[in-house]
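[1] Sequence and predicted model, in that order:
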Amino acid sequence: MELAYYTVRSFVLQKVGTIETREVRQLQFTAWPDHGVPNHPAPLLMFLRRVRAECPADSGPIIVHCSAGVGRTGAFILLDILLEQMRHEKAVDVFNTVSRLRAQRNFMVQTEDQYAFIYEALVEAASSGNTEIPVHQLTTHWFRLTELNRLKCQDLLNSDQLSMGLMKTSMNYTNNSNISTGLELEFYQLLIQSNLTKLISSIPSSIGLLSPIDPFSLKTDEKIYGNINFNSSSTSTIGLPRSITGMSTNKSIAAMLPVNLPKNRSLSIIPHDANRVALRAVRGVEGSDYINASYIDGYKSRAAYIATQTPMMNTLEDFWRMIWESGSCLIVKLDGTITLNDLKFMDSPTYWPNLQSARHGFLVVDPIAIYTMPAYIMRELRLTDTRDGSTRTVRQFDATSTADALIHLERQTYYSISNKLDFNEFIESSRPIAGSTITTASSTMTSFPPNPSSMLETSFTEDDFLRFNQIPTHVISTFRQCYQPICESMLELISQVHKTKEHFGIDGPITVHCNLGSGITGVFLASSLVLERMRYEGVIDMFQTVKLLRWQRPGLVQTVSEYAFCYATALEYLESFERYTT
């Protein structure tokens with residue numbers, strides 16, 4: 001099975017002349033570049049967890065290899081050892097562990113970048129933890145995240161120890177005193193980690209916001225590497241030549257060139273140079289290779305999507321050039337007619353023809369057919385290159401109604417980071433009458449990151465997790481009334497887009513856009529990735545999925561309500577299987 005960051009292969013071995021067979025699994029990490037190290041440690045950490053999951057206790061030693069069997073091999077083995085040490089000892093000793101490895105095999109961990117990358121991976125593991133949840137625990141996890149626990153959150157937010165950990169001043173989030181559910185806390189932490197330039201955390205392990213392993217600081221001007229002691233009473237300093245933000249190349253130089261500034265609807269949502277969609281430069285035209293668009297990795301392949309802003313009048317030709325040159329034959333339109341803050345985008349022209357052909361540079365767009373569905377409108381368009389006469393059919397899924405419904409729900413509940421009316425009132429409005437008896441999954445909010453092992457120790461059976469039996473009916477009723485219709489529309493949209501891609505054998509990326517190419521675009525992408533992983537692996541990791549999306553393009557999934565909607569879509573997807581089987 002080929003995935004975006006690694007491939008899993010199975011072999012059956014049989015010794016000649018015997019009947020004994022043995023299955024061997026090969027897991028190949030494909031996201032390590034030919035030169036240097038991965039831009040972000042999260043895919044490697046995900047891969048390492050998969051390797052461990054594939055290895056039963058009696059499976060024998062794990063064979064690790066690369067070209068020379070020292071550089072990448074050493075980095076992988078070192079990280080595995082240190083993560084185990086972190087779990088058991090709440091401390092890691094990088095230097096001495098590398099020394100022991102090199103005593104057994106020369107040149108293990110070969111370069112300074114590989115050595116620094118190990119530190120980045122440890123910081124990522126300590127700050128995010130393991131946020132994977134088995135799908136059969138999703139319902140209970142959702143309920144725990146949305147439980148009211150204002151007091152615990154207030155104690156956490158008011159703690160002096162959060163002055164750097166939560167970056168209250170620099171993040172400039174007002175009225176954060178309304179944060180009172182695990183979901184809000186999880187999203188708040190997601191925003192912080194997405195914008196981190198320097199990480200200093202000193203949160204008590206009893207709270208567990210970042211992880212049970214907490215304090216360390218980072219300085220980029222030192223070249224001395226030592227031990228890290230994750231003791232709540234001390235702070236260690238380590239020096240990293242690479243940026244701790246993960247993507248060492250996440251600069252946006254092209255977007256900020258004077259000639260390209262007018263091509264950006266918002267300067268806060270611009271592509272990184274490392275994964276921006278680069279157009280073929282037109283000779284003599286400065287900036288002709290730029291468009292505000294980013295390649296986004298899918299579940300099974302790299303650069304499976306393009307996230308972009310809705311075309312402006314001055315970028316119409318660039319938009320269609322991008323569609324043609326990238327080989328994209330599917331467009332998902334998610335810009336609504338309303339916005340959360342009533343901001344109007346007057347520079348959003350109708351970029352597709354309805355009745356007659358339209359020309360954009362060397363490309364001609366002709367309308368072919370329109371199909372109206374409950375969740376979207378599908379338009380078939382013919383794109384022709386006038387230079388050689390070659391043609392291509394492009395299908396646009398216009399989900400304006402779904403986008404409007406999501407924005408309308410967000411405006412109704414104000415369940416966003418602004419917290420004008422926080423989600424607690426939304427839940428409180430449907431609380432049962434005093435004296436009634438209900439069964440709840442838990443009376444306390446789980447810490448962040450969630451602890452899968454503690455969840456496995458609950459007394460619930462698998463059937464309990466697969467159904468809403470353990471969740472108060474008033475909570476499920478509220479969820480269904482507010483989220484379910486929109487979730488069904490989003491599921492239908494995602495399903496039809498991917499079925500169309502498979503049916504017509506389309507290899508190019510799926511282009512997804514909204515006004516800024518951020519919030520609702522991120523909802524579609526996050527939901528698509530999460531649902532596919534649920535289907536193939538039986539796990540969900542919303543936190544890490546959205547974090548990786550925001551690493552590839554700023555602002556993907558912008559508000560708490562959008563984040564909650566991603567969870568709700570996953571829940572509806574899970575419930576659809578239950579309805580089908582019953």
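    Received the coordinates, thanks. Numbering: from 1, shown residues only.
[2] Show me the shaky parts of the stretch 151-300 of the chain.
    Residue ranges of the stretch 151-300 of the chain with pLDDT under 70: 151-180, 195-250.
[3] Let's see that with 90 instead.
    Along the stretch 151-300 of the chain, the parts satisfying pLDDT under 90 run over 151-252.
[4] before we move on, what about the stretch 401-550 of the chain?
    Within the stretch 401-550 of the chain, the ranges that satisfy pLDDT under 90 run 401-485.
[5] quick one, strands of it?
    Ranges of strands within the stretch 401-550 of the chain are 510-514, 539-540, based on DSSP state E, counting those that start in this stretch.
[6] And the last one, what does it pack against?
    Yep, that's strand 539-540 we're talking about. strand 133-134, helix 519-537 (3 or more C-beta pairs under 8 Å, 6 or more residues apart in numbering; DSSP states H and E). In this view, the C-beta of every residue, glycine as well, is placed from N, C-alpha and C.
[7] the inter-axis angle of the longest one versus strand 510-514?
    Put simply, helix 519-537 runs at 140 degrees to strand 510-514, going by axes from the mean of the first three to the mean of the last three C-alpha atoms, to 10 degrees.
[8] Just the CA coordinates for helix 519-537, please, in CSV.
    Once non-C-alpha atoms are left out, helix 519-537 reads as follows in CSV (Å, rounded to 0.1, in the frame of the first residue of the first chain):
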residue,chain,number,x,y,z
GLY,A,519,-10.6,28.2,6.4
ILE,A,520,-13.2,26.2,4.5
THR,A,521,-10.6,24.9,2.0
GLY,A,522,-8.9,23.5,5.1
VAL,A,523,-12.1,21.9,6.3
PHE,A,524,-12.5,20.0,3.0
LEU,A,525,-8.8,18.9,3.0
ALA,A,526,-8.7,17.9,6.6
SER,A,527,-12.0,16.0,6.3
SER,A,528,-10.8,14.2,3.2
LEU,A,529,-7.5,13.1,4.8
VAL,A,530,-9.1,12.0,8.0
LEU,A,531,-11.9,10.0,6.4
GLU,A,532,-9.4,8.2,4.1
ARG,A,533,-7.2,7.3,7.0
MET,A,534,-10.2,6.1,9.1
ARG,A,535,-11.2,3.9,6.2
TYR,A,536,-7.7,2.3,5.7
GLU,A,537,-6.1,2.4,9.1
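[9] circling back to that earlier point, determine which stretch of the helices and strands packed on strand 539-540 is the most buried.
    Of the helices and strands packed on strand 539-540, the one with the most neighbours on average (mean count of other C-beta atoms under 10 Å) is helix 519-537, at a mean of 23.
[10] Including distance to residue 410 and mean neighbour count, could the strands of the stretch 401-550 of the chain go into a markdown table?
    Shown next, in a markdown table, are the strands of the stretch 401-550 of the chain (distance: least, C-beta to C-beta, whole Å; neighbours: other C-beta atoms under 10 Å):
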| stretch | distance to residue 410 | mean neighbour count |
| --- | --- | --- |
| strand 510-514 | 13 | 26 |
| strand 539-540 | 22 | 22 |
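[11] helices and strands around the lengthiest helix in the chain, which ones?
    Longest helix in the chain by number of residues, with DSSP state H as the criterion: helix 560-581. Packing partners of helix 560-581 (3+ C-beta pairs under 8 Å, 6+ apart): helix 138-146, helix 182-194, helix 400-413, helix 484-503, helix 519-537, helix 542-552.
[12] what mean pLDDT does that helix have?
    Averaging pLDDT along helix 560-581 gives 84.
[13] that older thread, of the helices and strands packed on strand 539-540, which is nearest residue 59?
    Among the helices and strands packed on strand 539-540, helix 519-537 comes nearest to residue 59, with 19.3 Å by C-beta to C-beta.
[14] the domain parsing of the chain - what is it?
    Taking the TED database as the reference, the chain has its domains at 1-130, 254-405+481-581.
[15] Regarding residue 270, what is its secondary structure?
    Using DSSP: H, G, I helix; E, B strand; the rest coil, the secondary structure recorded for residue 270 is coil.
[16] can you pull the buried residues of stretch 567-579?
    Judged by neighbour count using 16 or more other C-beta atoms under 10 Å, the buried positions of stretch 567-579 are 567-575.
[17] between those residues, which is nearest residue 403?
    residue 569 (13.8 Å).
[18] got a list of what the closest one touches?
    Residues in contact with residue 569 (C-beta atoms under 8 Å, 6 or more residues apart in numbering) are 487, 490-491, 523, 527, 530-531.
[19] Quick one, grab the pLDDT at the residue nearest to residue 20 when sequence neighbours are not counted.
    Nearest residue to residue 20, sequence neighbours excluded (C-beta to C-beta, 6 or more residues apart in numbering): residue 14, at 6.9 Å. Per-residue confidence (pLDDT) for residue 14: 92.
[20] Surely residue 14 and residue 23 touch.
    No. Taking C-beta atoms under 8 Å as the definition, residue 14 is not a contact partner of residue 23, at 10.5 Å.
[21] picking that back up, now the longest helix of the chain against helix 182-194, angle please.
    Comparing the axes of helix 560-581 and helix 182-194 via the same axes, to 10 degrees yields an angle of 120 degrees.
[22] Could the C-alpha coordinates of helix 560-581 be exported in PDB?
    The C-alpha trace of helix 560-581 is given here as PDB (Å, rounded to 0.1, in the frame of the first residue of the first chain):
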ATOM      1  CA  VAL A 560     -12.800  26.500  16.500                       C
ATOM      2  CA  SER A 561     -16.100  25.900  14.700                       C
ATOM      3  CA  GLU A 562     -14.400  24.700  11.500                       C
ATOM      4  CA  TYR A 563     -12.200  22.400  13.700                       C
ATOM      5  CA  ALA A 564     -15.300  21.100  15.400                       C
ATOM      6  CA  PHE A 565     -17.000  20.600  12.000                       C
ATOM      7  CA  CYS A 566     -14.100  18.400  10.900                       C
ATOM      8  CA  TYR A 567     -14.600  16.200  14.000                       C
ATOM      9  CA  ALA A 568     -18.400  16.300  13.400                       C
ATOM     10  CA  THR A 569     -17.900  15.100   9.800                       C
ATOM     11  CA  ALA A 570     -15.800  12.200  11.000                       C
ATOM     12  CA  LEU A 571     -18.500  11.300  13.500                       C
ATOM     13  CA  GLU A 572     -21.200  11.400  10.900                       C
ATOM     14  CA  TYR A 573     -19.100   9.300   8.600                       C
ATOM     15  CA  LEU A 574     -18.700   6.700  11.400                       C
ATOM     16  CA  GLU A 575     -22.400   6.900  12.200                       C
ATOM     17  CA  SER A 576     -23.300   6.300   8.600                       C
ATOM     18  CA  PHE A 577     -21.700   2.900   8.800                       C
ATOM     19  CA  GLU A 578     -23.700   2.100  11.900                       C
ATOM     20  CA  ARG A 579     -27.000   3.100  10.200                       C
ATOM     21  CA  TYR A 580     -26.000   1.000   7.200                       C
ATOM     22  CA  THR A 581     -25.200  -2.100   9.300                       C
END
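[23] Regarding residue 311, what is its secondary structure?
    The three-state assignment at residue 311 reads coil, by three-state DSSP.
[24] what's the spacing between it and residue 69?
    Per C-beta to C-beta, to the nearest Å, residue 311 is found 50 Å from residue 69.
[25] Those two - which one has more neighbours?
    More neighbours surround residue 311 than the other of residue 311 and residue 69, with 25 against 13 (other C-beta atoms under 10 Å).
[26] My read is that that one contacts residue 360, right?
    No. Counting by C-beta under 8 Å, residue 360 is not a contact partner of residue 311; they are 9.6 Å apart.
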